[in-house]
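Colleague: Mind folding the following:
(chains A and B)
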Number of protein chains: 2
Amino acid sequence: MIDKSSELPPAGPLRWRDVVETPAVLIDLDIVERNIRRCQDQCDRLGVAIRPHIKTHKLPLLARAQLAAGAIGITAQKIGEAEVMADAGIDDILITYNIVGDHKLARLRRLADRCRLTVVADSAAVVDGLARTFASAKDEIGVLVECDTGMNRCGVLTPEEALALARQVASSAGLRFAGLMTYPAPGHGNAACEWLDNAASLIRSAGIDTHTLSSGGTPDLYAMQHHPSLTEYRPGSYIYNDRSLVTAGACTVEDCALTVLTTVISSPAHGRAIVDAGTKVLTSDLFGMSGYGMVLERPDSTVISLNEEHGRIEYTSELPPAVGDLLRIVPNHACVVSNMVDSVHLIRGEHYVQAEPVAARGRIT
Amino acid sequence: MIDKSSELPPAGPLRWRDVVETPAVLIDLDIVERNIRRCQDQCDRLGVAIRPHIKTHKLPLLARAQLAAGAIGITAQKIGEAEVMADAGIDDILITYNIVGDHKLARLRRLADRCRLTVVADSAAVVDGLARTFASAKDEIGVLVECDTGMNRCGVLTPEEALALARQVASSAGLRFAGLMTYPAPGHGNAACEWLDNAASLIRSAGIDTHTLSSGGTPDLYAMQHHPSLTEYRPGSYIYNDRSLVTAGACTVEDCALTVLTTVISSPAHGRAIVDAGTKVLTSDLFGMSGYGMVLERPDSTVISLNEEHGRIEYTSELPPAVGDLLRIVPNHACVVSNMVDSVHLIRGEHYVQAEPVAARGRIT
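Modeller: Got it, this is the predicted structure:
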């Protein structure tokens, strides 16, 4: 996958502030390149392969850049996202989501014909569906058993349950037991690895080969210890970073590649200004914080509330923002912002690069 | 605008549960037709024209149905939404948003050439931009002064400020002062009308004709008193309704036309199930409520938390949802759900009608 097309495009002659209509999502490729490098270096240090989650950017262009830097493949959450990435020539994809229902299983089977595909399962019902679908396939599909290591979402609850599912997978024609996968509760990345290690020991002692142990999540990435048995890591947000990761101490504001460019459309009363970015760009995600983002040009201000098209900013200085001022907001959560817009604007510093369609946006099925 | 094309399509032979992949947004046209009728009747009773806000549905098909039922035109929040509606042949559009910036003003000027367009302004800076843009236009553009009657968002703060802006508009070549507009704070719809009435008296006593007094908001619609001076009302959510309006007492669950169809993908522990609708469909909008929606088939359950692709449901009965079960969720806020998906699925009761592209989705500029 490392070819010319994986090089990110250079800065153009124009400045983005002269070109872009607001609200708009800006992606600074200089910062993206640094973030990809930093994360690859960290995974190299930990001795784990990196398989980035593309839900953060949803852009084939950046998936290719991650692969060029050393990623072994990508992670997607939905078949629709994986289809977009396969269309773009990406050939090693893990879908970390239970695939349920005949329509979806038929799509999964077709997708498996054109890339190296791995999926997950956390129940006998999900394995049954996969087995029915792939029994007659010419190649086996790899299946990771999803483990709940504390997130309280999907996943088997105990190593014994993991073993039972591993047995079911290993004995199903068309399926290959590939190992274990978890998404750890934030702050518990190291404990999650120990959980996987225990479960893998149990499964191996039953004579079942357990190749892959896969964990993920950007918040814990830079606090990860070396776990000899962990084989791959699936971070997503690290490529852009966001206010939640700044708050968690995982990066600085200067590491945030995604910002929302807004225009002040009203400055009606002292202490309050209204910008043209609301939940339709920033979303309502609070992530346990107060406020909906960090205004780079106005450190004295808070994005206090949002409506669909309005962002209400409260500020403390004597100088009111003027109607027409451009402000950049670092959102609480970058991944969900990518999903709101049909295109993002690639920039390098003050320079405009190009608009890029968010090819995997809105692929909910 | 009342023609054959405004009739909503009939039920087809298939059942939606056999056709639709999840997660998906379902729109029940039987309920939509009832909701349009109920609201039109209420506005007729109040003696005000209705100018529905299309942000709720973003569908030309439903805008035409609203016009066929008696609406005098539509409301849009962004030029991009208005462009989509004008493309669909809708010829009377109010944009209730300050238009700021040269790119947008140029688009506004082009749009005004192909429909009867009205805009708003709440500051001299916004009026200046409009005046610069329309000074040489062959037709004047109507401008409503936006008034802050308690929402603390956009709008002039006092009737005196409204008068000053009305004077500026009336004296600007290319602009026609059309009246006053407000979006009331929920629960204060009647007080907002009195505010507008006072401001209109002041402006009229200065010799400036004030034709339109425009208010809006579904939550207060059915509690509105008769205000002789109010000329138009701009409700949006009434066409679909949602959990927030049920909670506010403005409708019943049976009046909710928009539901999110989900599949149970994991049932890992007693009391917890995971469905395939997360914030990418339901959004994080809480609207002051707890939980992210109402599960129609499981009144014993709460949508306790969401991630992007996961919805966590907690239930109290002894019977766990099974992997593969279909559940329908009434979301907290219907408008934002429309904006998450490329297409919605039109249904009538249990019958499938057709998929409909959400033509004005994501039009943020």
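Colleague: Enumerate every residue touching residue A:233.
Modeller: A:43, A:46, A:48, A:49, A:50, A:51, A:214, A:215, A:216, A:221, A:224 (CB atoms under 8 Å, 6 or more residues apart in numbering or on different chains). To be clear about C-beta, it is placed using only N, CA and C from the backbone, and glycine gets the same treatment.
Colleague: Of all pairs in these, which one is the farthest apart?
Modeller: With CB to CB as the measure, no two of the contacts of residue A:233 lie farther apart than A:51 and A:224, at 14.8 Å.
Colleague: Comparing those two, which residue is more hemmed in?
Modeller: Per other CB atoms under 10 Å in any protein chain shown, whichever of residue A:51 and residue A:224 has more neighbours is residue A:51, with 27 against 20.
Colleague: Out of the contacts of residue A:233, which is nearest to chain B?
Modeller: Of all the contacts of residue A:233, chain B sits closest to residue A:216, with 12.7 Å by CB to the nearest CB.
Colleague: Could you count how many residues lie near the closest residue to that closest one other than its chain neighbours?
Modeller: Setting aside the residues directly before and after it, residue A:216 is nearest to residue A:234 in space (CB to CB, 6 or more residues apart in numbering or on different chains), at 3.4 Å. Counted with other CB under 10 Å, residues neighbouring residue A:234 total 24.
Colleague: In helices, which of the contacts of residue A:233 fall?
Modeller: A:43, A:46 (DSSP state H).
Colleague: Please render the contacts of residue A:233 as CSV that adds pLDDT to the earlier fields.
Modeller: Shown next, in CSV, are the contacts of residue A:233 (pLDDT from 0 to 100):
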residue, pLDDT
A:43, 96
A:46, 94
A:48, 97
A:49, 98
A:50, 98
A:51, 98
A:214, 98
A:215, 97
A:216, 96
A:221, 91
A:224, 88
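Colleague: And the residue nearest to residue A:216, how close does it get to residue A:180?
Modeller: Using CB to CB, to the nearest Å, residue A:234 is found at 13 Å from residue A:180.
Colleague: Between the two, which contacts overlap?
Modeller: residue A:214.
Colleague: Residue A:246: what's its closest spatial neighbour, skipping adjacent residues?
Modeller: That would be residue A:253: by CB to CB, 6+ apart, it lies 5.7 Å from residue A:246.
Colleague: secondary structure class for the most far-flung residue of chain A relative to its centre?
Modeller: In chain A, counting by CA atoms, centre = their mean, residue A:318 sits farthest out from the average C-alpha position, at 39.5 Å. Three-state call for residue A:318 (DSSP: H, G, I helix; E, B strand; the rest coil): coil.
Colleague: buried ones in the helix or strand hosting residue A:81?
Modeller: Take DSSP states H and E as the rule and residue A:81 turns out to sit in helix A:79-87. For helix A:79-87, the neighbour count (16 or more other CB atoms under 10 Å in any protein chain shown) marks A:79, A:80, A:81, A:82, A:83, A:84, A:85, A:86 as buried.
Colleague: do the same with stretch A:279-295
Modeller: A:279-285, A:287, A:291-295.
Colleague: Quick one: residues contacting residue A:361.
Modeller: A:58, A:338, A:339, A:340, A:341, A:342.
Colleague: Now the second one: closest residue in space that isn't a chain neighbour?
Modeller: The spatially closest residue to residue A:338, leaving aside those adjacent along the chain, is residue A:58, at 5.3 Å (CB to CB, 6+ apart).
Colleague: Can you report how many residues lie near that neighbour?
Modeller: Neighbour tally, residue A:58, other CB under 10 Å: 24.
Colleague: And it, how far from residue A:362?
Modeller: From residue A:58 to residue A:362 the distance is 9 Å (CB to CB).
Colleague: Kindly state the pLDDT recorded for the closest residue to residue A:44 other than its chain neighbours?
Modeller: With sequence-adjacent residues excluded and distances taken as CB to CB, 6+ apart, residue A:44 is closest to residue A:70, at 7.5 Å. Looking at residue A:70, its pLDDT stands at 97.
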